[in-house]
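Asks: whatever this is, show me its structure:
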Amino acid sequence: MTAPTIALKHPRRFYIGGEWVEPATQDTIDVLNCATEEVVATVAKAGSEDMRRAVAAARDAFDNGPWPRMTPQERAVVLEKFAERLEALNDTFAAGWSIESGIVYKVAQPRIGQFIGQAFRVYSAMAHSFQFSEPHRSMTGHQGYRVYEPVGVVAVIVPWNGPAALLAYKVAPALLAGCTVVIKPSPEAPTSALLFAELADEIGLPPGVVNVLTADRDVSEELVTNPAVDKITFTGSTAAGRRIASLAGDRIARITLELGGKSPALVLDDYDVEAAARTLGGSYFGYMTGQVCHSLTRIIVPRAKHDRMVEALSAIAQQIVLGDPFDPATTSGPLANGRQRDHVERMVAQGVAEGAKLATRGRRPPHINRGFFFEPTVFGNVDNAMTIAQQEIFGPVLSVIPADDEAAAIRMANDTPFGLNATVFTDDHDRAMRVARQLRTGTVGHNGPRTDFGIGFGGFKQSGIGREGGTEGLLAFLESKTIVMDAPFGG
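Replies: The predicted structure is shown next:
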């Protein structure tokens, strides 16, 4: 299968106030196929005037439009329409994900519909299960209520590694809550957001409820600092999240930050090393080339089993077939862009310089002369204090770290500024729960990566603030208000 073209109806326009509008400047952004480095689309690049116009449209729609004043059940009907249209365009969104981010198409194609359609269906159903108004007896015996109201205008900033799914889990709860949104995708991967704008236009949302424009990072900062924006929801690097938090803090804007990770997999002494390696190596190298924030990149094993784990992971890495994401024979694609590949190269060189053992590969594949490819890489004898064990690489690099006992493994797992994800490999369920409760991470899986947006996803420490998915993902777009009536409780 050859890579399809990215067909956008309005690539040189922005969706603002319910219309496809001309940009204020002639600036554009070239979208590359990361496997070939060829330009596959050219989209408009927003300037300051465009961003102000989008925020003003969202502000007017929230302050004066019908959307926030509809019932949650009425808004849920629209979410169901989104789900149907998103699922119908499953293959289109999957192809864009492969072209822009490098995920193998045969992996993307069955996953994307589950992510984006399911998000809108879950929150549509929540319109009937979540209590947007709850009666309470006040401390003085009066009739009280806790009501939930939309937070307001939301800036939705989406990264390049999983744009459609991450957009869905931000926009669906925001819309159910009654918010209006300004969606700003990554300049490397803007097509999912523009396709979503096309659906919003087809469905016929009230003007200004959904606004989409493509911009670079300088104009994105203007979105964060605009006083008409009530909340920012961002997924991306911890460095960028730190900057957003500081800017938002200046005016006490609400934020949800889903940031980086350096997630540990603890293989305990009762678990089969080769089985753990198959689970870790197969899912890691073959999913998104390691370009996933919750990837289990630090593999902590009993010292006596260290060499076996390195050998098993190296064997898996050697079997990976790098190539065109649309080729059925390919098991791992390229990195999303040249900047990311350069970062991975620097981190691998740093690992070697600090004394880690490069067990396999660790370079650009010599047989591929175009595209942003990097070989699956395994390091052994990694000290937990090394750069490759402490900093996010966001590429196909695994580090095996020996531990003297379970207590040491837990200490090393927690000895990081991040706290997004973890996994405990053991045949003892009680032991798995006991260890899981000691790990300072937002998610802990048992015997494999088991993140769940249906329950909630987010991180401890520098891995973020807040949660996405589940009930907490809806609460992130609501303000809680207490109302106490001049009447006795129940009267």
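
Asks: biggest strand in the protein, by residue count?
Replies: Criterion DSSP state E: the longest strand present in the chain is strand 478-488.

Asks: for it, give the mean pLDDT please.
Replies: The average pLDDT for strand 478-488 rounds to 97.

Asks: and for stretch 259-277?
Replies: Average pLDDT, stretch 259-277: 97.

Asks: tell me the buried residues in that stretch?
Replies: Buried residues in stretch 259-277, defined by neighbour count with 16 or more other C-beta atoms under 10 Å: 259-268, 271, 273, 276-277. Yep, even glycine has a C-beta here, placed from its N, CA and C like the rest.

Asks: same check, this time on stretch 207-225
Replies: Quick answer for stretch 207-225 (16+ other C-beta under 10 Å): 207-215, 219-225.

Asks: how about stretch 431-439?
Replies: Buried residues in stretch 431-439, counted by 16+ other C-beta under 10 Å: 432, 435-436, 439.

Asks: whichever strand or helix holds Pro110: what's the following helix or strand?
Replies: Taking DSSP states H and E as the criterion, Pro110 maps to helix 105-129. Per DSSP H and E, the first helix or strand lying C-terminal to helix 105-129 is strand 133-137.

Asks: what strands flank the helix or strand following that following strand, and is each parallel or antiparallel?
Replies: For strand 133-137, the following helix or strand on the C-terminal side (DSSP H and E) is strand 142-150. Here strand 142-150 has these sheet partners by DSSP bridges: strand 133-137 (antiparallel), strand 478-488 (antiparallel).

Asks: which SS class is Asp327?
Replies: Secondary structure, DSSP: H, G, I helix; E, B strand; the rest coil: Asp327 is coil.

Asks: and the buried residues of stretch 259-277, which two are the farthest apart?
Replies: Leu259 and Val273 (31.1 Å; C-beta to C-beta).

Asks: now the residue nearest to the spatial centre of the chain: how far from Leu398?
Replies: In the chain, the centroid-proximal residue (C-alpha atoms, centre = their mean) is Leu166; its distance is 4.8 Å. As judged by C-beta to C-beta, to the nearest Å, Leu166 and Leu398 stand 24 Å apart.

Asks: same check, this time on Gln291
Replies: On the measure of C-beta to C-beta, Gln291 and Leu398 end up 14 Å apart.

Asks: so the two - more neighbours on which side?
Replies: Leu398 (32 against 24; other C-beta atoms under 10 Å).

Asks: how about the nearest residue to the more buried one, chain neighbours excluded?
Replies: Setting aside the residues directly before and after it, Leu398 is nearest to Val378 in space (C-beta to C-beta, 6 or more residues apart in numbering), at 5.2 Å.

Asks: mind listing what's buried in the longest strand of the chain?
Replies: Result for strand 478-488 [16+ other C-beta under 10 Å]: buried residues Leu478.

Asks: how about stretch 122-130?
Replies: Going by neighbour count (16+ other C-beta under 10 Å), the buried part of stretch 122-130 is 122-124, 126-127, 130.

Asks: ranges for the helices of the stretch 201-350 of the chain?
Replies: With DSSP state H, counting those that start in this stretch applied, the stretch 201-350 of the chain shows helices at 217-225, 238-249, 273-287, 306-319, 338-353, listed in chain order.

Asks: any chance of these in CSV with distance to Phe374 as columns?
Replies: As requested, the helices of the stretch 201-350 of the chain are exported to CSV (distance: least, C-beta to C-beta, whole Å):
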stretch, distance to Phe374
helix 217-225, 24
helix 238-249, 21
helix 273-287, 11
helix 306-319, 12
helix 338-353, 5
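
Asks: what about the residue lying closest to Gly466 once chain neighbours are set aside, how many residues nearby?
Replies: The shortest distance from Gly466 to any non-neighbouring residue, by C-beta to C-beta, 6+ apart, is to Thr256 (3.8 Å). Residues lying near Thr256 (other C-beta under 10 Å) number 21.

Asks: ditto for Asp405
Replies: Count around Asp405 with other C-beta under 10 Å applied: 12.

Asks: ok, now Gln350?
Replies: The tally of other residues near Gln350 (other C-beta under 10 Å) stands at 15.

Asks: distance of it from Asp27?
Replies: 36 Å.

Asks: okay, domains of this protein per the record?
Replies: 14-259+464-481, 263-452 (automatic domain parsing).

Asks: can you redo those domains as CSV with distance to Thr5?
Replies: Compiled in CSV, these are given as follows (distance: least, C-beta to C-beta, whole Å):
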stretch, distance to Thr5
domain 14-259+464-481, 7
domain 263-452, 12
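
Asks: helices of the stretch 351-491 of the chain, start to end?
Replies: Under DSSP H, counting those that start in this stretch, the stretch 351-491 of the chain gives helices at 387-390, 406-414, 429-436, 470-475.

Asks: count of residues packed around Val77?
Replies: If you count neighbours by other C-beta under 10 Å, Val77 ends up with 12.

Asks: how about the one 4 residues further on?
Replies: Counted with other C-beta under 10 Å, residues neighbouring Lys81 total 17.

Asks: name the element it belongs to?
Replies: Lys81 belongs to helix 72-88, assigned by DSSP H and E.

Asks: so how far is that helix off the chain centroid?
Replies: With C-alpha atoms, centre = their mean, to the nearest Å as the basis, helix 72-88 stands 22 Å off its chain's centre.

Asks: tell me which residues are up against it.
Replies: The contact list for helix 72-88 (C-beta atoms under 8 Å, 6 or more residues apart in numbering) reads 67, 93, 113, 116-118, 120-121, 123-125, 127-128, 130, 132, 168, 172, 175-176, 178, 196, 199-200, 202-203, 205.

Asks: following it, which helix or strand shows up next?
Replies: Defined by DSSP H and E, the subsequent element after helix 72-88 is helix 90-101.

Asks: list the helices and strands that following helix packs on?
Replies: Packing contacts for helix 90-101, counted by 3 or more C-beta pairs under 8 Å, 6 or more residues apart in numbering; DSSP states H and E, involve helix 105-129, helix 163-177, helix 191-203.

Asks: and with 7 Å instead?
Replies: Applying 3 or more C-beta pairs under 7 Å, 6 or more residues apart in numbering; DSSP states H and E, one finds that helix 90-101 contacts helix 105-129, helix 191-203.

Asks: need those helices in a markdown table (columns: distance to Arg303).
Replies: Formatted as a markdown table, these follow (distance: least, C-beta to C-beta, whole Å):
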| stretch | distance to Arg303 |
| --- | --- |
| helix 105-129 | 34 |
| helix 191-203 | 45 |
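
Asks: lowest average pLDDT across the ones you listed?
Replies: Among the helices and strands packed on helix 90-101, helix 105-129 carries the lowest mean pLDDT, a mean of 92.

Asks: which secondary structure elements does that helix contact?
Replies: In terms of contacts (3+ C-beta pairs under 7 Å, 6+ apart), helix 105-129 is packed against helix 72-88, helix 90-101, helix 163-177.

Asks: just list whatever residues bridge to the residue nearest to Ile465 when sequence neighbours are not counted.
Replies: Computed as C-beta to C-beta, 6+ apart, the closest residue to Ile465 that is not its neighbour in sequence is Leu257, at 4.6 Å. Note on Leu257: beta-bridge partners by DSSP bridges are Phe234, Ile465.
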